[in-house]
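> Predicted model and sequence below, questions to follow.
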Amino acid sequence: MSKDSTRERPWLMRTYSGHSSARASNALYRTNLGKGQTGLSVAFDLPTQTGYDSDHPLARGEVGKVGVPIDHIGDMELLFDQIPLDQMNTSMTINATAPWLLALYVAVAEKQGVDPATLQGTTQNDVIKEYLSRGTYIFPPEPSVRLTTDLISYTVANIPRWNPTNICSYHLQEAGATPTQELAYALCTATAILDAVQASGQIAPERFQDVVARISFFVNAGIRFVEETCKMRAFTRMWDEIAQQRYGVEDPKARRFRYGVQVNSLGLTEAQPENNVQRIVLEMLAVTLSRDARARAIQLPAWNEALGLPRPWDQQWALRMQQVLALETDLLEYDDLFEGSTVIEAKVQELIAGARAEMARVAEQGGMVQCVDNGYVKRELVQSHTRRMRDIESGALKIVGVNCFEKTAESPLTAGGDSGIMKVDERAEREQIESLLAFRQQRDSQRVAAALDALRHAAVNGDNVMPASIECARAGVTTGEWSEVLRGVFGEYRAPTGVDISTASGGDEDAMAAVRARVLATSAELGRPLRLLIGKPGLDGHSNGAEQIAVKGRDAGFEVVYEGIRLTPAHIARAAQEEGVHLIGLSVLSGSHLELVEDIQQEMRKLNADDVPLVIGGIIPSDDAQQLQERGVKAVFTPKDVDMNQIMHRMVDIIRQSHGLPATAA
Amino acid sequence: MTPGVTADLQALAEGVRAGQRPAVAAALNLLDDQRAVSRTQATALMTQLLPHYSVSTAQMIGITGPPGAGKSSLTAALISHWLEHKQRVGVIAVDPSSPVSGGALLGDRLRMTSEVDNQHVFIRSLSNRGQFGGLSQEVWPMSLVMLCCFDIVIVETVGVGQREVDIASSCDTTCFVAQPGSGDSIQFLKAGILEVPHVVVVNKEDMGAVATRTLAELSGVLNPNHPDGGWTVPVLATSATRRSGIAPLGNTLAAHHQHLLATQRLQVRRREHQARWLLRCIEDEYGKKGVLQLGGAPAFIKEFSAHSANPLEQYSACLQRLSITH
């Protein structure tokens, strides 16, 4: 007990959560806070993240799935019901619509009688990585950066303890980034944003240090936890240097690399999912062991994330991991454990050198925004991820339970009636839409129209959009309306897919040659090259799977039509017909697979094109998989299917079958 | 050929004429199909459609230029423009294929999303196939099919090689899209890889000074008097993303079409282009020797552009004369 006086204060402990409705999420938050969670981390559903109201056709099947739906101030009020905002530290994973969600948060604070200037929390507000990984962007890069800088400028002046942006390397790792790439691209993004704030002239030069000090980061930690520790030390050192040299920040405290963490989801497996627990704990060590580079806030995924949505108990287990490390172990009693270690220092230097070289390549091309628009960074990430997939395929990269030690006893964890995951209440979407319709009826439509006009005016004239957005929030504007005004001013954007990389070698060459031979033979039998449409319907922007299948398909000899994320069922059906494809492969990770497949099949029937076979990949619980197959889907691939050559073979099989060809090529 | 097949083909041809999407898709699939029985059917289909495409006054526009110039975005912007003018648009987008696998990634539709969700637009992507029928031999007959049911047919190619450029040059109107600040575009034109385009566009004018400089450089390099005669080559600036300069470009393209119609050169050019397409097909498969056997290039072009004909039938005729059984 005597050590207690010298113990470091533990980091903020959060759980990324939100689902179904504001009411249900509020109940969950209050339960979690009661369990010792010390901050909130709000997950919004995809319509909220991409600026659509719950009753928009694109929102179908997505409402309340991956997070909470927030259509207007009424939802936001309900979300924080009985949670005093002046005592809360709230992190919001929100990007394209970040100014809007912050505006709603401010308006709710006002209603609670809380001075907005005292609010504490974080808006993720990093759209650049959305173009590269998560996919919830709306506008082209230039206006997106402008919205980001508006939010930063506003909070630095008016909500001084707010973290206006969380520059994310997290999602870059999920998209395949190596530690070097993570360092380089996150730091390039940070400087691109800071440069833009500087150029906007909204902040007086003498106050710019405050802006730099408010920049925080959101980082990933993978299973190679020693290297990840070094990565964190490299980040800390490089940021200190950038803040001092590029922005002239004198105060060392203002140059601190402040970061939050969600550990790696990419490496969590569907096979033997209990192994994810030890993966998560080891990954947590990477961001806590080194005192000089320790995370300020941590949220851990649940062990069953690759299976579906975690239940409250699963999230509690993740929170307990943090509590055991922080409160039971002696970790927080020591200074930095790695000070003086030459082994660690050598690795840190290696990472810094690699990151600097990559940063120079980005700078040569005009900076991060340009490298997003010209597709450079996305291609590099797809390339890295392809390499990773090939290494898993060949066994060079071992994943226990996946490509080695696959034999397992039956798990009691997934044996229960719910298969070990949470089901979102199917009525949630309908109820949300009903409440939205009622809300629209009762508001002052003149005040709404005036507030939207003022927003448009600010957007066109280059005024900071925050004050107008806050008035929109108070007036009862909806998420879709706010976004629609800005869509009208800024236009919409589609980011490069990055799949046009050169053929990646590696992996099992013989297996690949066998697939290629079958594709070629079947093409000859059918008279033309096999064509495959990879479609990402709905609002989900997690495109790793679709990209990897597209690249693999191309390498296997398919002609692959891939148009990127967020396509409507009607668009996919139409494209399949126009392009004369032999097979449609869908990728859905948001949980809306049942609705989306139903819609696509309906569209195909309308076009008289329902003879084209359909397969799907994604995080799809086995009950749903069975249902999909009963409805005519020819194959369902899940994270368990890591052998992409096998997936290609299955696709050839299905095409052969649908054309009445014998199972093996002649 | 069985009577049943004929009836089917007639229905297919009528469907194409009526612009029915399933029929257009099926016709393009058939033209793509290399099996002998399908080739016969495809030839019959082209005969059915001959009375339509041989007199079609729809406009065929080739859009080419180096990668990164923003051709797809520009095409998308033009499609919007044409849709506003109630015109139906067919697009054939040619993408490169992988030399190793023969596979291809056809992402050209990427930036066209909001436009393609319109029943008056139809897009088919094709790869530059290494292993199947040479370098997209299908483009020409496919564009003829599209002439039967669309007001405007776009053939968009990534101008990385002679053949892609040839394909774009086979259109009534050729539009070259240059990338600001890239010397490639100038070299491209200087080297004469491209038959002189009818319209030159510097896209991404929002890049400012760089775009202005490229515009000036291109204007300097180009001979404004097109060798076709009677046409001055305009150099235009556009920004596909900001939708600026699109209407003037659309009007200029329309003006060239009017010019061809007024001088009664549209059908003449198409017959010539068809003869050249035929020549490329023969060259690809039987080399220079094959061409010589058929009388040499100049005579070949003259002979096969004498009157309008079904291109696949002409091809079969060539093969017969080369005494190669099909």
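Cool, got the structure. Numbering: from 1, shown residues only, chains lettered A, B, ... in the order given.

> dump the residue contacts of residue A:13.
A:36, A:37, A:38, A:39, A:297, A:298, A:299, A:319, A:322, A:323, A:326 (CB atoms under 8 Å, 6 or more residues apart in numbering or on different chains). C-betas here are computed from N, CA, C, even on glycine.

> For the second one, which residues are in contact?
I take that to be residue A:37. By CB under 8 Å, 6+ apart, the contact set of residue A:37 is A:13, A:14, A:15, A:319.

> swap in the first one?
The contact partners of residue A:36, by CB under 8 Å, 6+ apart, come to A:13, A:319, A:323.

> Name every strand pairing with the helix or strand of chain A with the lowest mean pLDDT and say which way it goes.
Every helix and strand in chain A was compared by mean pLDDT, DSSP states H and E; the lowest is strand A:16-17, with a mean of 88. Here strand A:16-17 has these sheet partners by DSSP bridges: strand A:40-43 (parallel).

> For residue A:34, see how far away residue A:462 is.
Relative to residue A:34, residue A:462 is positioned 46 Å away (CB to CB, to the nearest Å).

> need the contacts of residue A:36 in a markdown table with secondary structure, can you?
Below are the contacts of residue A:36 laid out as a markdown table (DSSP: H, G, I helix; E, B strand; the rest coil):
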| residue | secondary structure |
| --- | --- |
| A:13 | strand |
| A:319 | helix |
| A:323 | helix |
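
> would CSV of those residues with pLDDT be doable?
Conversion of the contacts of residue A:36 to CSV gives the following (pLDDT from 0 to 100):
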residue, pLDDT
A:13, 92
A:319, 94
A:323, 96
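
> re the thing from before, tell me the one of the contacts of residue A:13 nearest chain B?
Distance ranking of these against chain B, using CB to the nearest CB, places residue A:299 first at 34.0 Å.

> what's the burial count for the residue in the stretch 51-200 of chain B that chain A sits nearest to?
When scored by CB to the nearest CB, the stretch 51-200 of chain B has residue B:103 as its residue closest to chain A, at 4.0 Å. Residue B:103 has 27 neighbours, counted by other CB atoms under 10 Å in any protein chain shown.

> so it makes contact with residue A:556?
Yes - using CB atoms under 8 Å, residue B:103 is in contact with residue A:556, at 6.3 Å.

> list residues touching both of the two?
Residues touching both residue B:103 and residue A:556 (CB under 8 Å, 6+ apart) are residue A:519.

> can you tell me how far residue A:67 sits from residue A:540?
According to CB to CB, residue A:67 stands 12 Å off from residue A:540.

> Those two: who's more crowded?
Higher neighbour count among residue A:67 and residue A:540: residue A:540, with 27 against 24, using other CB under 10 Å.

> what helix or strand does residue 241 sit in?
No chain in the question, so chain A it is. Using DSSP states H and E, residue A:241 falls within helix A:225-245.

> who wins for neighbours among the contacts of residue A:37?
residue A:15 (28 neighbours).

> if I read this right, that residue contacts residue A:31, doesn't it?
No - the criterion here is CB under 8 Å, and residue A:15 misses it with residue A:31 at 10.4 Å.

> tell me the domain ranges of the chain?
Let's take chain A. Listed by automatic domain parsing, the domain ranges of chain A are A:11-414, A:509-658.

> please go with chain B instead
Using automatic domain parsing, chain B is parsed into the domains B:1-55, B:59-262, B:264-326.

> Going along the chain, name the strands of the stretch 51-200 of chain B.
Listed in chain order, the strands of the stretch 51-200 of chain B (DSSP state E, counting those that start in this stretch) span B:59-64, B:89-95, B:104-106, B:121-127, B:152-157, B:173-178, B:199-202.

> so which of those gets nearest residue A:551?
Of all the strands of the stretch 51-200 of chain B, it is strand B:104-106 that lies closest to residue A:551, at 7.7 Å by CB to CB.

> Residue B:208 and chain A, how far apart?
13 Å (CB to the nearest CB, to the nearest Å).

> ok, now residue B:251?
In this view, residue B:251 and chain A are 23 Å apart by CB to the nearest CB.

> Give me the contact list for the helix or strand hosting that residue.
Under the criterion of DSSP H and E, residue B:251 resides in helix B:246-262. Contact partners of helix B:246-262, identified using CB under 8 Å, 6+ apart, comprise B:57, B:59, B:61, B:74, B:77-78, B:80-82, B:85, B:172-173, B:175, B:198-199, B:201, B:230-231, B:234, B:236, B:238, B:240, B:266, B:269.

> what inclination does that helix have with respect to strand B:152-157?
Here helix B:246-262 points in a direction 110 degrees away from that of strand B:152-157 (axes from the mean of the first three to the mean of the last three CA atoms, to 10 degrees).

> what comes up buried for helix B:246-262?
By neighbour count on 16 or more other CB atoms under 10 Å in any protein chain shown, the buried set for helix B:246-262 is B:246, B:249, B:250, B:252, B:253, B:254, B:256, B:257, B:259, B:260.

> go on, stretch B:34-54?
So for stretch B:34-54, counting by 16+ other CB under 10 Å, buried means B:34, B:38-39, B:41-46, B:48-50, B:52-54.

> likewise stretch A:276-295?
Across stretch A:276-295, burial judged by 16+ other CB under 10 Å covers A:276-277, A:279-290, A:293-295.

> what's the offset of that stretch from the middle of its chain?
A distance of 20 Å separates the centroid of the chain from that of stretch A:276-295, by CA atoms, centre = their mean, to the nearest Å.

> likewise stretch A:196-206?
Taking CA atoms, centre = their mean, the mean C-alpha location of stretch A:196-206 is offset from the chain mean by 29 Å.

> so who does residue A:285 touch?
A:225, A:229, A:325 are the contacts of residue A:285 under CB under 8 Å, 6+ apart.

> which helix is the longest one in chain B?
Longest helix of chain B, by residue count under DSSP state H: helix B:266-293.

> Just name whatever secondary elements it is in contact with.
Counting contacts by 3 or more CB pairs under 8 Å, 6 or more residues apart in numbering or on different chains; DSSP states H and E, helix B:266-293 is packed against helix B:139-147, helix B:162-169, helix B:246-262, helix B:297-304, helix B:311-321.

> How far does stretch A:443-454 sit from its chain's centre?
With CA atoms, centre = their mean, you get 33 Å for stretch A:443-454.

> That stretch: which residues count as buried?
Applying 16+ other CB under 10 Å to stretch A:443-454 flags A:443, A:448, A:451, A:452, A:454 as buried.

> ok, now stretch A:29-44?
The neighbour-count check on stretch A:29-44 (16+ other CB under 10 Å) flags A:29, A:32, A:37, A:38, A:39, A:40, A:41, A:42, A:43, A:44 as buried.

> Which of the three states applies to the second one?
If I follow you right, that is residue A:32. helix.

> Now do the contacts for the closest residue to it other than its chain neighbours.
Ranked by CB to CB, 6 or more residues apart in numbering or on different chains and with sequence neighbours excluded, the top spatial neighbour of residue A:32 is residue A:15, at 5.7 Å. Residues near residue A:15 by CB under 8 Å, 6+ apart: A:32, A:37, A:41, A:299, A:300, A:315, A:318, A:319.
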